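Asker: give the three-dimensional model of this entry:
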Amino acid sequence: MSFAASDRGGLERLCRYVLHPPLALGRLERLPDGRVVLGFKRAWSDGTSGIELSAQEFVEKLAAIIPPPRAK
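Answerer: Reported below is the predicted structural model:
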């Protein structure tokens, strides 16, 4: 992606994209027993609207999607 230095709209779109959080915190819920519920944007065709994970499973899933250092 490239744009001119004077393209304020392009710069704003780039900043909004870079600053977008990887998870919507509004869809994340911690249950009293420590499990984590992650709601989906849209329910699946079978009606599933989210998944429940243990705290450890949740951290494992997050760690798996972090790119290695200096990855392109």
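
Asker: gap between the lowest-mean-pLDDT helix or strand in the chain and the chain center?
Answerer: Ranked by mean pLDDT, DSSP states H and E, the helix or strand of the chain with the weakest confidence is helix 8-19, at a mean of 87. With CA atoms, centre = their mean, to the nearest Å as the basis, helix 8-19 stands 18 Å off its chain's centre.

Asker: which SSE is immediately downstream of it?
Answerer: Tracing the chain past helix 8-19, the next element assigned as helix or strand by DSSP states H and E is strand 28-30.

Asker: counting contacts, what elements does whichever helix or strand comes after that next one pack onto?
Answerer: Using DSSP H and E, the helix or strand that follows strand 28-30 towards the C-terminus is strand 36-39. Packing partners of strand 36-39 (3 or more CB pairs under 8 Å, 6 or more residues apart in numbering; DSSP states H and E): strand 28-30, strand 50-53, helix 55-64. Using the backbone N, CA and C atoms, a C-beta is placed for each residue, glycine as well.

Asker: keeping just the C-alphas, turn strand 36-39 into CSV.
Answerer: Included here for strand 36-39 are C-alpha records, laid out as CSV according to Å, rounded to 0.1, in the frame of the first residue of the first chain:
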residue,chain,number,x,y,z
VAL,A,36,-13.1,-17.8,28.8
VAL,A,37,-16.0,-17.4,26.4
LEU,A,38,-15.2,-15.8,23.0
GLY,A,39,-18.3,-14.8,21.1
